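Asks: Got a sequence here, can you model it:
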Amino acid sequence: MTDWTETELSALRRAYASGTTRVSYDGKSIDYGSAADLLVRIRTIERAIAGTTRPVPITGLAGFSRGDR
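Replies: Numbering: from 1, shown residues only. Okay, here's the model as predicted:
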């Protein structure tokens, strides 16, 4: 596992907030395919720093019908 830093996380957050997918920090540059890819990376690092490795639960809305139209 790679050790992530707060510097990397801050750079990722700045890039996401500015709408760009190119991130530069500590003399490195990384291009992400999309904002969604960048957000996944941010969440992964946040969980790793927090000490949790389980995925974030996904929530949704349930629908129902009484049967009468």
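Asks: Tell me where the model's unsure across the chain.
Replies: Where the chain drops to pLDDT under 70, the residues are 1-2, 52-58, 69.
Asks: What are the boundaries of the strands in it?
Replies: Secondary structure of the chain (DSSP state E): strands at 22-25, 28-31.
Asks: The last one pairs with which strands, parallel or anti?
Replies: Going back to what we said before, that points to strand 28-31. Taking DSSP bridges as the criterion, strand 28-31 forms sheet pairs with strand 22-25 (antiparallel).
Asks: Can you tell me what sits against the partner strand?
Replies: For strand 22-25, the surrounding residues in contact (C-beta atoms under 8 Å, 6 or more residues apart in numbering) are 7-8, 10-12, 15, 29-32, 38. In short, each C-beta sits where N, CA and C put it, glycine included.
Asks: so how far is Ser29 from Ile45?
Replies: 17 Å (C-beta to C-beta, to the nearest Å).
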